[in-house]
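Trainee: Would you be able to build a 3D model of this:
(chains A and B)
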Amino acid sequence: MAEPAMQLLDVNKTISNKQIIKDLSFSINPGEVFGFIGPNGAGKTTTIRMMVGLMNITSGDIRILGKSIKSDYKQAAQEIGAIVENPEMYPFMSGMQNLRHYARMVPGVTKERINEVITLVGLEKAINYKVGKYSLGMRQRLGIAQALLHKPSILILDEPTNGLDPAGIREIRTYIRSLAEQENVAVIISSHLLSEIELMCDRIGIIKNGELISTQNLHDTPSEKQALQVQMEVTPLEKAKELLRTEHNVEAAIKDGVLLLHSEKEDIPRLIQTLAKHDISIYQVGAAKASLEDKFFDLIGENTIE
Amino acid sequence: MSSFMKLLYNEQIKIYIRKSTWVMYLLMAAIIVGLAVMANSFGDLNEDYQGNDWREVLQEENASLTEEMEKEEGMEGFNSDQIAKNNYYLEHDIQPAKYDAWQFVAENQMLLSLVTLFTIIVAAGIIANEFKWGTIKLLLIRPISRTKILLSKYVSTLLFALFSLLAVLLFSWIVGAIFFGVNGFDQQIVQYQMDGSFGHSTPMKQIVEGYGYQLVTLLMMATFAFMISSIFRQSSLAIGLAIFLMFAGSSIVSYFSDKAFAKYILFANTDLRQYAYGEPLIEGMTLGFSITVLAVYYVIFLAVSWLFFTKRDVAGQ
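Mentor: Numbering: from 1, shown residues only, chains lettered A, B, ... in the order given. Just a heads-up that it's a prediction; the model follows:
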């Protein structure tokens, strides 16, 4: 298998005797969009700050394409483009001046590359205005532009769609997907907007109290044998529920005017036949796909901010 | 450009693109013009002595000053000083030079404390502002060591001080030339010295000495402000503390002057003029001693700045 783009090895962070991050280990592959989610205070930002070298790692290591951010900082940092928290820029300089400023800090960024990046994030019109006059969405785009200047192998974006309008969100989402798929960039996204993460990411890592409690692949299709949660809109509800129990030994629950039950996929046609035979009106039958939000709350529980 | 030059260029842009920097320069220019206007209207421009009969003019002036002194008691101090100065001209056969641009530049050496003030403001902000703006995060994730970034900021501060010094010199000379004209280099200026007697030197020497000695304070206080800015990441504290110490420095020294440690206080050593003219501030101090003390302070300021800037986490505000 190819070398991971980024690898966290037993990363610990202790701040004034409080362990903020505990033995965090995971890796992100090239071309993968990785969603990094967790409640406020779980340690997302701390982890991201350690990834980019803003914070020291108490113990453990973070490797970027095999190079340690601790001992091989320059080579490692060369491969990273990032926005950490808000995309803050020099307010008294124009967007272009800000980009040139950052371009001078890495070798090999040409004028053409700067213009290319500006076109990419759609800032051509506003690029010569002072950043102080930018809206949050424009600053977000400029933030993404500065992160991409030096063609990094890893892009770390903290809340990248924050402040963007729906069209902007879609644009950035499409762009992030194409970066991953076409240029093989590994993208790490932290966000509170779970639905956003769901649309953009291949895999998610859920962090809680400084520990990684789960990583999940979002594109796994449920296997055939797996019991699905099925939702049926039928009338009368009570009769249908009774029928399912007596005929098929399936326990169903009534919730919000629909019938909820667990069944294997191949059993569903027979259930429907039975209901139809007994003159039950069937309006809709569907698999209730658990959203990321449901998974998230299943894993961390609600109101877990400590 | 080498990568360090690019960093310097970035830092210079960030200083000079801001309006507040130009407000400082405008203020300085206004003060210089103001001083020239004042010297032009109220100052003694030595125009009476430009004829070949300057010796007679000086003698006549002495006579009338003596007469005035006898009539009015209050004028004694000022008049006898003036007479002593006139006699010095006569004894050394120096024709009093007409006031000109060079003398104006030499007299403006007090403006260097203004340059020091501006440099402190820049030094205090150059690290702290990045934290204030939040841009420190984007600055420190580049493939450049923090030491190099810190050095670029420090050198940038010194460059700002240098440019400001040159601006004061150049603008003073231009304004002086417009108001008073320019004499040659060989003119001799008679002036009070620290020990109370008169001496004479060329304006160029006065400029070099007058500005040069003050550069010590500038360098030390700017480095101090830089350090405070690096430790606390807050510019107002750094500006306040540095300016307070700059003005209170000599009082602090005199307050502790009977203590043994007094000579190790930074401000007892910043005025190196004490060795060239007159007695050292505290007995037993030598030029070598002061330079050593200054060097130790300087190294400590820089080392502390470096430690705090490179070793500490950049956490959320």
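
Trainee: which outside residues touch stretch A:93-113?
Mentor: For stretch A:93-113, the external contacting residues (Cβ atoms under 8 Å, 6 or more residues apart in numbering or on different chains) are A:78, A:89-90, A:114, A:117-118, A:123, A:126-131, A:134, A:138, A:142, A:145-146, A:149-151, B:3, B:6-7, B:9-10, B:13-14, B:17, B:138-139, B:142-144. Heads up, the C-betas are built off the backbone N, CA and C, glycines and all.

Trainee: May I have that stretch exported as PDB, CA atoms only?
Mentor: Provided in PDB are the C-alpha atoms of stretch A:93-113 (Å, rounded to 0.1, in the frame of the first residue of the first chain):
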ATOM      1  CA  MET A  93      -3.500  44.700   2.600                       C
ATOM      2  CA  SER A  94      -5.400  43.600  -0.500                       C
ATOM      3  CA  GLY A  95      -6.100  40.000  -1.200                       C
ATOM      4  CA  MET A  96      -3.400  40.000  -3.800                       C
ATOM      5  CA  GLN A  97      -0.800  41.500  -1.400                       C
ATOM      6  CA  ASN A  98      -1.700  38.900   1.200                       C
ATOM      7  CA  LEU A  99      -1.200  36.100  -1.300                       C
ATOM      8  CA  ARG A 100       2.100  37.500  -2.500                       C
ATOM      9  CA  HIS A 101       3.200  37.800   1.100                       C
ATOM     10  CA  TYR A 102       2.600  34.100   1.600                       C
ATOM     11  CA  ALA A 103       4.000  33.200  -1.800                       C
ATOM     12  CA  ARG A 104       7.300  34.800  -0.800                       C
ATOM     13  CA  MET A 105       7.500  32.400   2.100                       C
ATOM     14  CA  VAL A 106       7.700  29.200   0.100                       C
ATOM     15  CA  PRO A 107      10.100  28.600  -2.800                       C
ATOM     16  CA  GLY A 108       8.800  28.200  -6.300                       C
ATOM     17  CA  VAL A 109       5.400  30.000  -6.300                       C
ATOM     18  CA  THR A 110       5.100  31.900  -9.600                       C
ATOM     19  CA  LYS A 111       2.900  34.800 -10.600                       C
ATOM     20  CA  GLU A 112       1.000  32.400 -12.800                       C
ATOM     21  CA  ARG A 113       0.300  30.100  -9.900                       C
END
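
Trainee: For it, buried residues please.
Mentor: If you call a residue buried by 16 or more other Cβ atoms under 10 Å in any protein chain shown, then stretch A:93-113 has these buried ones: A:93-106, A:109, A:113.

Trainee: do stretch A:267-275 as well
Mentor: A:268, A:271, A:274-275.

Trainee: And it, how far out from the chain middle?
Mentor: 38 Å (Cα atoms, centre = their mean, to the nearest Å).

Trainee: What about the closest residue to chain B within the stretch 201-306 of chain A, how many residues nearby?
Mentor: Closest contact between the stretch 201-306 of chain A and chain B, by Cβ to the nearest Cβ, is at A:Gly210 (15.0 Å). By the measure other Cβ atoms under 10 Å in any protein chain shown, the count of residues near A:Gly210 is 23.

Trainee: With A:Ala42 instead?
Mentor: By other Cβ under 10 Å, the residues close to A:Ala42 number 25.

Trainee: Look at the closest residue to it other than its chain neighbours and give its secondary structure.
Mentor: Once flanking residues are discounted, A:Ala42 sits nearest to A:Ile207: 4.8 Å by Cβ to Cβ, 6 or more residues apart in numbering or on different chains. Following DSSP: H, G, I helix; E, B strand; the rest coil, the label given to A:Ile207 is strand.

Trainee: What are the neighbouring residues in contact with A:Ile207?
Mentor: A:Ile207 makes contact with A:24, A:36-38, A:42-44, A:47, A:213, according to Cβ under 8 Å, 6+ apart.

Trainee: Quickly list what it is bridged to.
Mentor: A:Leu212 (DSSP bridges).

Trainee: Nearest residue to the residue in the stretch 51-200 of chain B that chain A sits nearest to in space, please, no chain neighbours.
Mentor: Chain A sits closest to B:Gly134 of the stretch 51-200 of chain B, with a gap of 3.2 Å, by Cβ to the nearest Cβ. Closest residue to B:Gly134 in three dimensions, ignoring its sequence neighbours and counting by Cβ to Cβ, 6+ apart: A:Glu88, at 3.2 Å.

Trainee: In this structure that neighbour contacts B:Leu138, no?
Mentor: Yes. Judged on Cβ atoms under 8 Å, A:Glu88 makes contact with B:Leu138 at a distance of 7.1 Å.

Trainee: before we move on, back to that, among the buried residues of stretch A:93-113, which are in helices?
Mentor: The helices, defined by DSSP state H, take in A:95-103, A:113 from the buried residues of stretch A:93-113.

Trainee: Count the neighbours of B:Tyr9 for me.
Mentor: So B:Tyr9, with other Cβ under 10 Å, has 16 neighbours.

Trainee: Quick one: name the residues of chain B near chain A.
Mentor: Counting by Cβ under 8 Å from any Cβ of the partner chain, the residues of chain B close to chain A are B:3, B:6-7, B:9-10, B:13-14, B:17-19, B:133-135, B:137-145, B:311, B:313-316.

Trainee: Buried among those residues? Need that as a selection in ChimeraX.
Mentor: In ChimeraX syntax, the buried subset of those is picked out as below (16+ other Cβ under 10 Å):
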select /B:3,6,7,9,10,13,14,18,133,134,135,137,138,139,140,141,142,143,144,314
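
Trainee: Among the residues of chain B next to chain A, which ones are in strands?
Mentor: Among those, no member falls in strands (criterion: DSSP state E).

Trainee: Tell me which of the residues of chain B next to chain A fall in helices.
Mentor: Using DSSP H, the subset of the residues of chain B next to chain A located in helices is B:3, B:6-7, B:9-10, B:13-14, B:19, B:133, B:137-139, B:311.

Trainee: Just the element for the spatially most central residue of chain A, please.
Mentor: Compute the mean C-alpha point of chain A, and by Cα atoms, centre = their mean the closest residue is A:Gly35, 2.6 Å away. Element membership for A:Gly35, per DSSP states H and E: strand A:33-37.

Trainee: Just the CA trace of that strand, in CSV.
Mentor: These are the backbone C-alpha positions of strand A:33-37, laid out as CSV (Å, rounded to 0.1, in the frame of the first residue of the first chain):
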residue,chain,number,x,y,z
VAL,A,33,-11.0,13.4,2.1
PHE,A,34,-11.0,12.8,5.8
GLY,A,35,-13.6,14.4,8.1
PHE,A,36,-12.5,15.2,11.6
ILE,A,37,-15.4,15.7,13.8
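
Trainee: Tell me how far the following helix or strand past it lies from the chain's centre.
Mentor: Per DSSP H and E, strand A:33-37 leads on to helix A:44-51 as the next helix or strand towards the C-terminus. Helix A:44-51 sits 15 Å away from the centroid of its parent chain (Cα atoms, centre = their mean).

Trainee: and helix A:44-51, what does it pack onto?
Mentor: strand A:6-15, strand A:18-28, strand A:33-37, strand A:80-83, strand A:154-158, strand A:186-190 (3 or more Cβ pairs under 8 Å, 6 or more residues apart in numbering or on different chains; DSSP states H and E).

Trainee: Between the ones you listed, which one is closest to chain B.
Mentor: Using Cβ to the nearest Cβ, these put strand A:80-83 closest to chain B, at 5.5 Å.

Trainee: What does B:Gly278 show for phi and psi?
Mentor: Main-chain dihedrals, B:Gly278, degrees, to the nearest 10: phi 80, psi -170.
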